[in-house]
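Chemist: the amino acid sequence is not available; the structure is as follows:
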């Protein structure tokens, strides 16, 4: 497995390897690239606002500590993925030998990783599905995250040319491989592999032969395929409009519109935790009752640690020393209300129904409430993502079908695909069936459509079933 890195421009004025590959500089240094880095950092729970904080007070006391956070981006992206991809495989392929080959490929290489890839797509805006042949001539699937994917060509139908990258460490060198895909006139398709080496862990700058890395030795530097009418990769993206760069074909993160809200939620949660820690009972004692720490010059060190329970008293009334216990009141209710408000704002911006996320005081952690019905905002969000994912899976079948033709992986033949999404079955089966029967009886739905949409059959299976019924 290749280790994936951000595409970062090298320092200096040299022509970099991405320009060598034909990547426009505007693509490399764009607002979308910066936004993708922010979204990834948020998903990995390392956003810019969660750095160690140092605050020096006028008294000379100082405190330091990392900001507590909820990691809302990961929680919400994974919750959406759970709602979109249920326990059962949503895809079934029917037909002859070619269909069985495609079904086997999808069940082996795509469907087991589907929920994870939907979470990545929700967090980062999009994921690339790229089938490839392994050393055993088996069709496999690789998933490329936005940090390692740069579009070169696109039209209204989608992205038609791109650069995908990965890196390998071998000995004292790091090798960066660029895989370039482009559609050419006359239904021709260009695939190039370029390898660059660098000393240490930096970005490769010197081109090297593919044979220099064992895993790449079998790759051809350039190949032109004939009679290819579509790209041999699929870009699955979130259905939201791109408000970062309307001219870009790339998708935007689920939480791209509520970065500030998530930042404020982390700050409020940090305040809540600190309220509990700082509000714990503390004991103040006189100077003569504690041994001060001193620096190398012998000066006393005054420090503050919120986990300390005993402090020296600055001054006692009447000059007498003693012991004072302090237990300040807590503002838990106010902070919880503020936090819940921010969670509701985030849920609304994310396309969830308000109240989908709540701070459960009994357990003290985040819980998600699934609210899926035909009239809810959450249902519409899930349905939109399902439609985008279904389109990506249908295109993946098309690409796998092309691979089967190119390399003789399975006999030629047709296939039909059907999808069954759990969110659309949130209503009871009896309600769906009853409503469908009423529509068929009223002439508002055909029996064929009933079997496909309500019973979840493929079109071929539904036609066979209707044939059996008509024979009786």
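Modeler: On my side now, so go ahead. Bear in mind the structure is a predicted one, so any value in this text is a computation, not a measurement.
Chemist: poorly predicted segments of the stretch 351-472 of the chain, please.
Modeler: In the prediction, the stretch 351-472 of the chain carries residues with pLDDT under 70 at positions 354-355, 359-375, 422-432, 472.
Chemist: could you pull out the helices in the stretch 301-450 of the chain for me?
Modeler: Here the stretch 301-450 of the chain has its helices, by DSSP state H, counting those that start in this stretch, at 332-350, 377-407, 429-441, 447-453.
Chemist: in the protein, which residue is closest to the centre?
Modeler: residue 120 (1.9 Å; CA atoms, centre = their mean).
Chemist: reformat the helices of the stretch 301-450 of the chain as TSV; add distance to residue 227.
Modeler: Backbone N, C-alpha and C define where each C-beta goes, glycine included. Below are those laid out as TSV (distance: least, CB to CB, whole Å):
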stretch	distance to residue 227
helix 332-350	43
helix 377-407	9
helix 429-441	42
helix 447-453	32
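Chemist: for residue 217, which of those is the nearest?
Modeler: Closest to residue 217 of these is helix 377-407 (CB to CB; 19.2 Å).
Chemist: in terms of secondary structure, what does the closest one contact?
Modeler: helix 72-84, helix 97-105, helix 114-124, strand 126-133, strand 139-144, strand 234-237, strand 415-419 (3 or more CB pairs under 8 Å, 6 or more residues apart in numbering; DSSP states H and E).
Chemist: buried stuff in it?
Modeler: Of all the residues in helix 377-407, those buried under the rule 16 or more other CB atoms under 10 Å are 377-379, 381-383, 385-386, 388-389, 392-393, 395-397, 399-404.
Chemist: next: stretch 36-54.
Modeler: If you call a residue buried by 16+ other CB under 10 Å, then stretch 36-54 has these buried ones: 36, 39, 40, 42, 43, 47, 49, 50.
Chemist: who wins for proximity to residue 169 among the helices and strands packed on helix 377-407?
Modeler: Nearest to residue 169, of the helices and strands packed on helix 377-407 and by CB to CB, is strand 139-144 at 18.8 Å.
Chemist: mind listing the strands that closest one pairs with, and their directions?
Modeler: With DSSP bridges as the test, strand 139-144 is paired with strand 126-133 (antiparallel).
Chemist: tell me which element the closest residue to residue 190 other than its chain neighbours falls in.
Modeler: The shortest distance from residue 190 to any non-neighbouring residue, by CB to CB, 6 or more residues apart in numbering, is to residue 182 (4.6 Å). Per DSSP states H and E, residue 182 falls inside strand 173-184.
Chemist: would you map out the domains in this protein?
Modeler: Annotated domains of the chain cover 17-256+383-407, 259-373, 427-471 [automatic domain parsing].
Chemist: and among those, the most buried is which?
Modeler: Across the domains of the chain, averaging neighbours per residue (mean count of other CB atoms under 10 Å) puts domain 17-256+383-407 on top, at a mean of 17.
Chemist: quick check: end-to-end length of it?
Modeler: 31 Å (CA to CA, to the nearest Å).
Chemist: run the chain-centre distance for it.
Modeler: 10 Å (CA atoms, centre = their mean, to the nearest Å).
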